[in-house]
Every structure is written in C-alpha cells, then in structure tokens.
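A.B. asks: below is the sequence, then the predicted model.
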Amino acid sequence: MTETTVGSGAPVAAEFLAALTSVPPVAWSAWVGEYPGSAEPALPYSLAATFALPPCRGLAAICLLETVPSSGVPTMRQAALRLWSGLAPPGARVLHQQLSGDGSVLSTLASAWADPDACTWLRDTMSSGTSIRADGWEWLAAPERPAVKEAVNGGARQILGRRHDVVLFEPGAVAIVYGRLTHGGQPELDLLRHLERVPGVRVAPTLLGSAIIRGPDGQRSASAILEDIVPGAATVRSVIVGRLKRALDGDPSLQASALDDVRAVGMIARELHAALGRPFDQGVLVGALPATVSDVETWVARVWTTLTSATVALKAADHDLRPRDPALLTALDVLPGKLQQFAAAAEAAPGLVHRIHGNLRLDTIVMAPPRKLTVVEFDGDAFLPDQERVAPQSPWRDVARLLVSLAEVAAEAARAAGGDEKAFEIAWLWEREARKACLEGYGTGGGALHALLAMFEMEFASRLLLDACATGGSTDVPSHTLQRLTRTIV
C-alpha cells in the first residue's frame with residue numbers, strides 16, 4: 001500500500017497504511033466477500049483511496065481493487081474503513097485492533113460507515129467529482145447530477161453478494177456497484193441511464209454519480225453510485241435463504257412465502273426486460289430485434305465449450321479429495337446429445353434479442369417490506385468477450401441465471417439447516433416449485449423458448465462446476481442442475 005492523497009486532502013499517515021496492511025487477507029475476505037474458508041487467499045487490496053476526515057478527526061479509506069483468493073485475478077470491490085484511536089463506536093464492524101502490552105486497545109480499524117463524516121465525504125466527492133491516483137491506477141469520479149439530499153447521518157449496513165459489495169446507507173441509501181468496462185463504452189451505466197428515462201419503471205434506483213477506474217495496463221472498470229433504495233432493504237437471496245432455512249427447521253408455512261418472493265422476482269425480471277427492449281434514441285441501446293440462427297449457433301458453441309471444459313476439469317480432479325459423483329459423470333456424458341436437441345428446437349423459434357442485465361441473480365435484487373423489489377447491481381456477464389457483452393442477447397439468458405440462482409439458494413438453506421439428506425431433499429422439492437413460480441411471474445411462453453432456457457442453464461451450471469473444480473468448493477448445485485437437464489424435454 002503506497003501513500004495516497006485524495007483531492008486536496010492531507011497525506012496519509014504511515015500508521016494508517018500500516019494498519020491497513022496488517023489486516024490478514026482472511027479477515028478482508030470474510031468481511032467483504034464471504035469467500036469459502038477452503039480458498040487460499042491471495043494478496044488483499046492493491047489500491048485504496050484514502051482521505052482525511054474533517055475536522056481533523058482521523059483518516060479513512062475506500063478500497064477499490066482486490067485480488068481474488070486462490071487465483072490472484074483482480075476484481076473491483078469497495079469497502080470503507082476508518083482507523084480510530086482506541087475503540088470504534090457501536091455499529092462499526094471491527095477488522096483489526098492494535099493492543100498494548102497490558103491488553104488495552106490502542107487503535108481499531110473498522111467500518112467507516114458508523115461515522116457520518118465518512119458518509120458526508122463520499123456524497124460530496126461523488127456530487128462534485130474527484131481524481132485519485134496511486135501506482136499507475138486512477139479513480140475518476142464524475143457527477144450525473146447535483147446531489148439533492150442531505151448527507152446521511154447514522155450508521156449503515158452491508159449487503160454482501162457473491163462477487164460484489166453493495167453498501168446500503170440508512171436512511172436514504174446509497175449503493176456502489178462495480179463493473180468492467182468494454183473497449184466500446186460503459187454498458188452497465190448505459191443500462192442505468194436508459195432505465196431512468198423509461199417512464200414508470202421502478203426496477204433500478206437513481207444514478208447519482210459514476211466513476212472510472214483505469215489500471216496501469218489501460219484496462220478500465222466502471223462504478224455506479226445509486227440513490228433511492230428503500231431503507232430496510234435486504235437482498236432477495238438473503239431473504240429467501242432465511243425463510244427457507246426456518247421452513248427446513250420446522251415452519252413449513254414459510255415455504256409458500258418464499259415462493260411468493262420468487263414469483264415477484266419473475267415479475268420484476270419481465271418489467272426489466274420490457275424496459276430494456278424499448279428503443280431509446282441515445283447511447284448504444286436499441287429496441288428488441290428478432291434473433292437469428294447465427295445467434296443460436298453462437299450460444300450453442302459457447303455452451304459446448306463451457307460444458308466440455310467442466311467435464312475435463314471434473315474428470316481430471318483429484319478424487320482423493322473429491323469423491324466421484326457417478327450421477328454427475330453420467331449426466332456429463334449425456335448432456336452433449338441433449339444440447340443438440342435444445343439447439344435444434346431453439347433454431348426453429350429463437351425469439352427476440354436486446355440488451356439485457358447479463359448476470360441477473362437473487363443477490364443483485366433487494367427487497368424492502370412488504371415486497372418492494374429493486375435491481376441494484378448492473379455488472380453484466382464479465383465472462384463474455386467485450387463484443388458479446390454489448391451485443392443484443394436473449395432475455396432468457398437472464399431468466400436462466402435466475403433459475404440457477406434459485407438452486408444456489410436452496411442448497412445454501414439446506415446446508416444452513418444441517419446439510420443432511422432430508423434437508424436437501426426438501427430444498428430440491430422447494431426449488432422445483434420455485435422454478436414454476438419464477439416462470440409464472442415472468443409470463444413464460446414455453447415451447448422452443450424453453451430450449452434456450454435449458455441451454456443457458458447448462459452454461460451457467462457448467463461454470464459453477466468449473467469454479468468448484470478450481471477451488472475445491474461444493475458441486476451440489478451444478479450436479480443437481482446438470483442432472484435435471486438430462487431429463488428436460490422441449
């Protein structure tokens with residue numbers, strides 16, 4: 001970590017940087033990313049925007065670049081930290097403490113969101129624009145419009161997603177989400193700006209500001225600073241996992257409530273796609289277009305490549321560490337033939353294409369009581385090449401990602417409820433009903449379009465299997481999903 005200044009702020013104190021670097025990578029991962037304990041952490045953060053808090057109340061930092069545990073691959077993430085003399089105030093999540101010889105606390109490195117000055121700084125920064133530079137990295141902030149609200153007072157809480165950190169302030173709410181830019185522009189910010197201009201659409205909050213992070217190699221990433229998220233919101237993933245776990249623990253009535261949540265998710269996905277398929281005369285967004293046979297061939301080739309890679313990775317895995325799953329291996333042998341069937345059906349009626357979310361999951365949607373949903377993260381599918389990320393895609397790709405996300409929620413709840421065979425049996429039965437509820441909410445048509453849905457599910461499940469083989473993680477979800485796809489009829 002190098003000395004960094006923000007705007008006209010004071011130079012960063014050496015002891016603050018020392019405190020940042022002293023935090024064990026495991027602590028960073030557990031606080032920010034919820035990575036599995038089996039993952040070997042790489043180096044933590046490479047870039048931090050550090051600043052002095054007025055009036056001379058100490059220092060804080062927003063960390064912007066992290067290396068992913070086990071792989072060292074950089075990903076954009078954000079976390080706000082502050083160094084307090086002595087104990088941090090109530091509500092601040094502690095990462096690291098320096099103790100004296102007698103055991104008393106000399107300093108505490110903890111969440112900065114418990115300090116209203118840190119919240120004020122963030123709002124002021126994003127409404128006026130700023131530039132941060134360190135070791136060839138540059139963080140450029142630009143306002144979308146002047147700030148229209150007072151600075152947030154009080155604490156905040158974090159909602160942690162699988163890959164990104166979404167910070168919700170209480171009250172009023174501000175979230176920061178990150179996305180990789182393509183060479184052709186800022187597709188995620190284009191989506192947000194487009195949605196703001198579609199009358200009556202409430203699937204995304206207001207865009208307060210945006211930022212570009214440029215690496216030494218020229219690679220750029222985008223961030224979006226969002227307002228108008230309802231206080232008290234939580235990710236749909238966390239809501240459903242909580243309800244389903246309590247159902248597995250003995251309150252089956254909550255299964256029906258969780259199904260109602262899923263049905264609402266299907267409805268908001270349909271609303272999102274209707275808005276994104278509506279033409280707008282600025283930017284890169286266009287209206288919905290008929291898909292072509294060439295489009296289907298491209299999708300099939302991508303699924304085939306991912307499925308093949310996952311099959312090779314599983315068969316090459318060290319089975320002393322990962323016991324063989326005969327049903328999964330059998331499914332992997334059958335799926336290439338099923339993919340050909342899906343492709344033939346999809347070519348007969350490939351539907352429409354337009355710009356879609358790209359990575360719509362239950363942890364990219366937040367829910368506020370009683371059942372108010374908002375899409376808060378627009379990172380898109382970073383696995384796709386730049387040209388494909390900005391090209392029109394089938395909306396069924398988003399729906400398939402949601403369905404795989406439902407399987408992930410069912411498995412997570414089953415593990416939280418004890419992880420025995422009975423818990424998984426009930427969870428998979430719930431997932432079957434949840435799939436129906438999601439498609440009912442979306443207004444599914446069926447027929448050849450379900451072939452597209454099956455293809456995209458196969459691709460996402462194969463990715464999960466690849467990740468599990470690389471990290472030693474669980475294969476519950478990809479195994480269950482891929483086996484089910486062998487029985488799918490279109």
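C.D. replies: Received, thanks. Remember, predicted model here, so these are calculated numbers, not experimental data. Numbers count the residues shown, from 1 in each chain.
A.B. asks: okay, CA-based contacts and neighbour counts for the rest of this
C.D. replies: Fine.
A.B. asks: what distance do you get for Ala410 to Gly277?
C.D. replies: The gap separating Ala410 from Gly277 is 31 Å, by CA to CA, to the nearest Å.
A.B. asks: give me the more crowded residue out of the two.
C.D. replies: Neighbour count, other CA atoms under 10 Å: between Ala410 and Gly277, Ala410 has more, with 29 against 21.
A.B. asks: what's the helix or strand for the more buried one?
C.D. replies: Using DSSP states H and E, Ala410 maps to helix 396-416.
A.B. asks: what does the next helix or strand after that helix contact?
C.D. replies: Tracing the chain C-terminally past helix 396-416 and defining elements by DSSP H and E, one meets helix 421-442 next. Outside of helix 421-442, the residues within contact range by CA atoms under 8 Å, 6 or more residues apart in numbering are 244, 248, 255, 259-260, 262-270, 403, 406-407, 410-411, 413-415, 417.
A.B. asks: apply 6 Å and report the result again.
C.D. replies: Contact partners of helix 421-442, identified using CA atoms under 6 Å, 6 or more residues apart in numbering, comprise 259, 262-263, 266-267, 270, 410, 414.
A.B. asks: tell me, how many residues neighbour the closest residue to Asp476 other than its chain neighbours?
C.D. replies: Nearest non-adjacent residue to Asp476, counting by CA to CA, 6 or more residues apart in numbering: Ala411, 7.0 Å away. Here the neighbour count serves as a burial measure; for Ala411 (other CA under 10 Å) it reads 24.
A.B. asks: quick check, nearest of the contacts of helix 421-442 to Val201?
C.D. replies: Among these, Arg270 lies closest to Val201 (CA to CA), at 11.3 Å.
A.B. asks: check the secondary structure at that closest one for me.
C.D. replies: Using DSSP: H, G, I helix; E, B strand; the rest coil, the structure places Arg270 in helix.
A.B. asks: against which helices or strands is the helix holding Ala410 packed?
C.D. replies: If you count contacts as 3 or more CA pairs under 6 Å, 6 or more residues apart in numbering; DSSP states H and E, helix 396-416 packs onto helix 236-248, helix 421-442, helix 448-471.
A.B. asks: and the longest one, average pLDDT?
C.D. replies: To tie it back to what came earlier, the one meant is helix 448-471. The average pLDDT within helix 448-471 is 91.
A.B. asks: ok, and what's touching it?
C.D. replies: Applying CA under 6 Å, 6+ apart, the contact partners of helix 448-471 are 303, 307, 310, 342, 345-346, 349, 396-397, 400, 474, 478, 490.
A.B. asks: can you add distance to Met455 and secondary structure and give these back as a markdown table?
C.D. replies: Output for the contacts of helix 448-471, formatted as a markdown table (distance: CA to CA, whole Å; DSSP: H, G, I helix; E, B strand; the rest coil):
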| residue | distance to Met455 | secondary structure |
| --- | --- | --- |
| Val303 | 7 | helix |
| Leu307 | 10 | helix |
| Ala310 | 15 | helix |
| Phe342 | 7 | helix |
| Ala345 | 11 | helix |
| Ala346 | 9 | helix |
| Ala349 | 14 | coil |
| Trp396 | 10 | helix |
| Arg397 | 9 | helix |
| Ala400 | 9 | helix |
| Ser474 | 22 | coil |
| Pro478 | 14 | helix |
| Val490 | 11 | coil |
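A.B. asks: which of those residues sit farthest apart?
C.D. replies: Between any two of these, the greatest separation by CA to CA is 35.9 Å, found for Ala349 and Ser474.
A.B. asks: hang on, the earlier thing: and the helix holding Ala410 with helix 448-471, angle?
C.D. replies: Helix 396-416 and helix 448-471 are oriented at 50 degrees to each other (axes from the mean of the first three to the mean of the last three CA atoms, to 10 degrees).
A.B. asks: buried stuff in helix 396-416?
C.D. replies: Within helix 396-416, the residues that count as buried by 16 or more other CA atoms under 10 Å are 396-416.
A.B. asks: now distance to Arg197 and mean neighbour count too, for the helices and strands packed on helix 396-416, in JSON lines please.
C.D. replies: JSON lines is the format used below for these (distance: least, CA to CA, whole Å; neighbours: other CA atoms under 10 Å):
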{"stretch": "helix 236-248", "distance to Arg197": "25", "mean neighbour count": "22"}
{"stretch": "helix 421-442", "distance to Arg197": "23", "mean neighbour count": "18"}
{"stretch": "helix 448-471", "distance to Arg197": "29", "mean neighbour count": "23"}
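A.B. asks: could you export those helices as TSV, including distance to Pro89?
C.D. replies: Putting the helices and strands packed on helix 396-416 into TSV (distance: least, CA to CA, whole Å) gives the following:
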stretch	distance to Pro89
helix 236-248	26
helix 421-442	40
helix 448-471	37
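A.B. asks: nearest to Ala317, out of those?
C.D. replies: Judged by CA to CA, the one of those that comes nearest to Ala317 is helix 448-471, at 6.7 Å.
A.B. asks: could you count how many residues lie near Ala274?
C.D. replies: The local packing of Ala274 (other CA under 10 Å) involves 16 other residues.
A.B. asks: run through the stretch 201-350 of the chain and note the low-pLDDT ranges.
C.D. replies: Along the stretch 201-350 of the chain, the model assigns pLDDT under 70 to residues 215-216, 225, 230-232, 280-286, 318-323.
A.B. asks: what strand or helix carries Leu109?
C.D. replies: Secondary structure from DSSP H and E places Leu109 in strand 105-111.
A.B. asks: now do the contacts for Val409.
C.D. replies: Val241.
A.B. asks: report the separation between it and Asp467.
C.D. replies: Between Val409 and Asp467 the computed distance is 17 Å (CA to CA).
A.B. asks: CA atoms of stretch 412-424 as PDB?
C.D. replies: Coordinates of the C-alpha atoms in stretch 412-424 are reproduced here as PDB (Å, rounded to 0.1, in the frame of the first residue of the first chain):
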ATOM      1  CA  GLU A 412     -27.400 -22.800   0.900                       C
ATOM      2  CA  ALA A 413     -30.500 -23.100   3.000                       C
ATOM      3  CA  ALA A 414     -30.200 -26.900   3.200                       C
ATOM      4  CA  ARG A 415     -26.600 -26.600   4.400                       C
ATOM      5  CA  ALA A 416     -27.600 -23.900   6.900                       C
ATOM      6  CA  ALA A 417     -30.300 -26.300   8.200                       C
ATOM      7  CA  GLY A 418     -27.800 -29.100   8.900                       C
ATOM      8  CA  GLY A 419     -26.900 -30.300   5.400                       C
ATOM      9  CA  ASP A 420     -28.300 -33.800   5.900                       C
ATOM     10  CA  GLU A 421     -30.000 -35.800   3.100                       C
ATOM     11  CA  LYS A 422     -33.500 -34.900   4.300                       C
ATOM     12  CA  ALA A 423     -32.800 -31.100   4.300                       C
ATOM     13  CA  PHE A 424     -31.500 -31.300   0.700                       C
END
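A.B. asks: what packs against the strand holding Leu109?
C.D. replies: For strand 105-111, the packing partners by 3+ CA pairs under 6 Å, 6+ apart come out as strand 74-85, strand 94-99.
A.B. asks: partners of that strand in the sheet?
C.D. replies: Within its sheet, and counting by DSSP bridges, strand 105-111 is paired with strand 74-85 (antiparallel), strand 94-99 (antiparallel).
A.B. asks: what average pLDDT does the longest one get?
C.D. replies: Averaging pLDDT along strand 74-85 yields 67.
A.B. asks: ok, the shortest one next?
C.D. replies: Per-residue pLDDT values over strand 94-99 give a mean of 84.
A.B. asks: quick one: residues in contact with that strand.
C.D. replies: Surrounding strand 94-99, the residues in contact under the criterion CA under 6 Å, 6+ apart are 23, 105-110.
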